[in-house]
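S.K.: Coordinates for the following, if possible.
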Amino acid sequence: MAENIGKVVGINGNMVTVQFDGNVSMNEVGYVKVGDTRLKGEIIRIRGNEAQMQIYEMTNGIACGNEVEFTGDLLSVTLGPGLLGQVYDGLQNPLPLLAKKAGWFLERGIYVDPLDDEKTWAFTPSAKPGDVVKAGEYIGSVPERAFTHRIFIPFYLLGSYTVKSIVPAGDYKINDTVAVITDEKGKDIEVKMCFKWPVKRAINCYAERLAPTETMETKVRLIDSFFPVAKGGTYCIPGPFGAGKTVLQHTTSRYADVDIVIIAACGERAGEVVETLTEFPKLTDPKTGRSLMERTIIICNTSSMPVASREASVYTAVTLAEYYRQMGLSVLLLADSTSRWAQALREMSGRLEEIPGEEAFPAYLESYIAAFYERAGYVRLPDGSTGSVTIGGTVSPAGGNFEEPVTQATLKVVGAFHGLSRERSDARKYPAIDPLTSWSKYKSVVDADKIAFCRNILEHGVEVGSMMKVVGEEGTSLDDFIIYLKEEMLDAVYLQQNSFDPIDADCSVERQRYVIDKLVKILGSSFALTDKDEARSYFNQLRQRFTDWNYTEFKSDKFRAAEAMIDQLYDEKSGKMSPEAESLCKGGNA
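M.R.: Alright, predicted model coming up:
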């Protein structure tokens, strides 16, 4: 039912100006009536008795004088059992149900309940009459997929409440009343299994926010060892088109040590979104052996959808992530790509006639990006358990230019930078993360001194390679050429990884530590090699044996046999180890 009525007095693209009487608020939802169709929008600016609204649908047919119904509610999502495995648009409409209603081409003005209100859930109460509860504390639970879904006191209820009654264990629908609580004034409030929460307000019903120190294991060697991500931390993956962002996200979401994966396709090309929608149900979850979609939520907005939906999809995704964090779960949110979201902000800022910043992006771009990433975090909950939201955003700078505003604004707030390189992707070196320009503030799963040693080899090898492009191989000394070959081997056998091979893609932390010890031993040794041809042949053999080793199951008989072949080849030509490498190898496995 409408809280207030207004009328359209101006239209500029997907922004309409509405004249109103009474009271409205920022981020309030309203519906523009076009014939029998109601188009959803959100207030983004108020000036006197006029409000600017961004419309989440195509605005064809809107005319001055059209009636606008304001709801009095902020742009919100419904939180409750049944979210896992869903594919939503940015307004939390289930896309499969929209397709059933509208056919292949989605019609505007159709909105569907995000959760199935006919499905029953096996509710088990954990509170009892007389218990004192607060917002964010749970009173019971239902099983959802492989998880225990907690039923909360709604997050918007302030103060303390006393449980007056609670239903016994049994099957209930999400809109059934499962408990009645009483506030300090004696007013009764019914608690259901679902409730609404505004997407642009962070869920902060936790006891304490903690520093993100525990590493989120992705099983990608280059990330875990060199540029790690912490649970509750933030990272970004900028890179040019075709550099492997989507495959890297698929690999991370499949093997990362997290409970829930949420993918926000906020304005990517339709082809890439279709690839995500078709591939994810086919991917097998290595934890359960079942479909990866059972612990995944996809928020889908393609670049052909209305611009405002891109912004909504980002906030919808992070709100769902915070909700599952409140249950003590680890959540990974992958936003692909935040550049499209920033472009939506730029377009709306232009229509609001705001003073533009760099490259016409709004002057407040940095604060908006920072506010989004700051909703990540590792927290202690009221019951003493911990949960985390880790946010990884891909950025698609034009031409791979990392100096553009969106990338630079993102770099100021994230804890790790995984810069994809056009040169590496063109050379078919995947993941195409540049090991020399990328960085991380988080703790590696491998000893920091060993990683520093390997980075030194990489830097020196790249310097020699650059020099060889000028003076040629014949103008390089044998010692420098061997450093170059060592760098090439380290790159090929450790930094590169086959995400389509089930063994190589799933490289455990234990295996990473074991292999890095072996590499430090080899990279820190001198070799009895007489000329460059012999050196090239020797390191090619060593690299091939290492590559074969990567495709064997860890600590299996084949693994031991392949390792023995590496050791045999190493012993044939190896000389003295450098003091630094010898010190690093003490206590290692090599």
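S.K.: could you point out the longest helix in this structure?
M.R.: If you go by DSSP state H, the chain has its longest helix at helix 448-471.
S.K.: Does anything pack onto the very next helix or strand once past that one? Which helices or strands?
M.R.: Scanning forward in sequence from helix 448-471 by DSSP states H and E, the next helix or strand is helix 478-490. Packing partners of helix 478-490 (3 or more Cβ pairs under 8 Å, 6 or more residues apart in numbering; DSSP states H and E): helix 448-471, helix 509-523, helix 532-550. C-beta coordinates here come from the backbone N, C-alpha and C atoms, glycine included.
S.K.: okay, those, which one's buried deepest?
M.R.: Most buried of the helices and strands packed on helix 478-490, by mean neighbour count (mean count of other Cβ atoms under 10 Å): helix 509-523, with a mean of 20.
S.K.: any weak-confidence spans in this protein?
M.R.: For the chain, the stretches flagged by pLDDT under 70 are 1-2, 103-104, 268-272, 302-304, 587-590.
S.K.: Quickly list what the residue nearest to the spatial centre of it is bridged to.
M.R.: Centrality entry for the chain: nearest residue to the mean C-alpha point is Leu334, 1.9 Å, by Cα atoms, centre = their mean. Taking DSSP bridges as the rule, Leu334 bridges to Ile263, Gly392.
S.K.: who touches it in this structure?
M.R.: Applying Cβ atoms under 8 Å, 6 or more residues apart in numbering to Leu334 gives the contacts 249, 252-253, 261-264, 392-394.
S.K.: Which one of these is nearest to Lys7?
M.R.: Distances from Lys7 to the contacts of Leu334, taken as Cβ to Cβ, are shortest for Ala264 (34.4 Å).
S.K.: Just give me the neighbour total for the closest one.
M.R.: Counted by other Cβ atoms under 10 Å, the residues lying close to Ala264 total 31.
S.K.: State the phi and psi torsions of the closest residue in space to it that isn't next to it in sequence.
M.R.: Excluding the flanking residues, the one nearest Ala264 by Cβ to Cβ, 6 or more residues apart in numbering is Ala317, at 3.6 Å. With angles defined as degrees, to the nearest 10, Ala317 sits at phi -60, psi -50.
S.K.: let's have the chain start at 35 instead
M.R.: All set: I'll call the first residue 35, so the last point we hit is now Ala351.
S.K.: how much space between Ala351 and Glu345?
M.R.: When distance is defined by Cβ to Cβ, to the nearest Å, Ala351 is 11 Å away from Glu345.
S.K.: ok, the contacts of Leu368 vs Val121, which is closest?
M.R.: Nearest member of the contacts of Leu368 to Val121, counting by Cβ to Cβ, is Ile297, at 9.6 Å.
S.K.: I figured that closest one was touching His284, is that so?
M.R.: No - Ile297 is beyond contact range of His284, at 9.4 Å (criterion: Cβ atoms under 8 Å).
S.K.: what residues are shared contacts of Ala351 and Glu345?
M.R.: Joint contacts of Ala351 and Glu345 (Cβ under 8 Å, 6+ apart) are Cys300.
S.K.: where exactly do the strands run in the stretch 335-484 of the chain?
M.R.: Using DSSP state E, counting those that start in this stretch, the strands of the stretch 335-484 of the chain run over residues 364-370, 411-414, 420-429, 450-451, 473-474.
S.K.: coming back round to it: got the contact list for the residue nearest to Ala298?
M.R.: 296-298, 300, 331, 333, 367, 369.
S.K.: Out of the residues you listed, grab the one that's most surrounded.
M.R.: Of the contacts of Ala351, with other Cβ under 10 Å as the count, Cys300 tops at 33 neighbours.
S.K.: returning to what we had before: overlap in contacts, Ile297 and His284.
M.R.: 310, 314.
S.K.: circling back to that earlier point, can you give the distance from the longest helix of the chain to the centre of its chain?
M.R.: In terms of Cα atoms, centre = their mean, to the nearest Å, the centre of helix 482-505 is set 31 Å apart from its chain centre.
S.K.: Just list what it packs against, helices and strands only.
M.R.: Counting contacts by 3+ Cβ pairs under 8 Å, 6+ apart, helix 482-505 packs against helix 512-524, helix 543-557, helix 613-619.
S.K.: quick one on the thing from earlier: could you export the contacts of Ala351 to CSV, including columns for distance to Cys541?
M.R.: Output for these, formatted as CSV (distance: Cβ to Cβ, whole Å):
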residue, distance to Cys541
Ile296, 24
Ile297, 23
Ala298, 27
Cys300, 30
Ile331, 27
Ile333, 29
Leu367, 23
Ala369, 25
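S.K.: Tell me the one of those residues nearest Gln575?
M.R.: Nearest to Gln575 out of these is Ile297 (Cβ to Cβ; 41.7 Å).
S.K.: For that closest one, give me its contacts.
M.R.: Residues near Ile297 by Cβ under 8 Å, 6+ apart: 283, 287, 310, 314, 330-333, 351, 367-368, 370.
S.K.: Please repeat the previous calculation with a cut-off of 7 Å.
M.R.: Going by Cβ atoms under 7 Å, 6 or more residues apart in numbering, Ile297 touches 287, 310, 330, 332-333, 368, 370.
S.K.: so how far is Ala169 from it?
M.R.: Distance from Ile297 to Ala169, counting by Cβ to Cβ: 28 Å.
S.K.: which residues touch the residue of the chain positioned farthest from its centre?
M.R.: Within the chain, the residue lying farthest from the chain centre (Cα atoms, centre = their mean) is Thr564, at 50.0 Å. Not one residue lies near Thr564 by Cβ under 7 Å, 6+ apart.
S.K.: same thing but 10 Å
M.R.: Leu512 (Cβ atoms under 10 Å, 6 or more residues apart in numbering).
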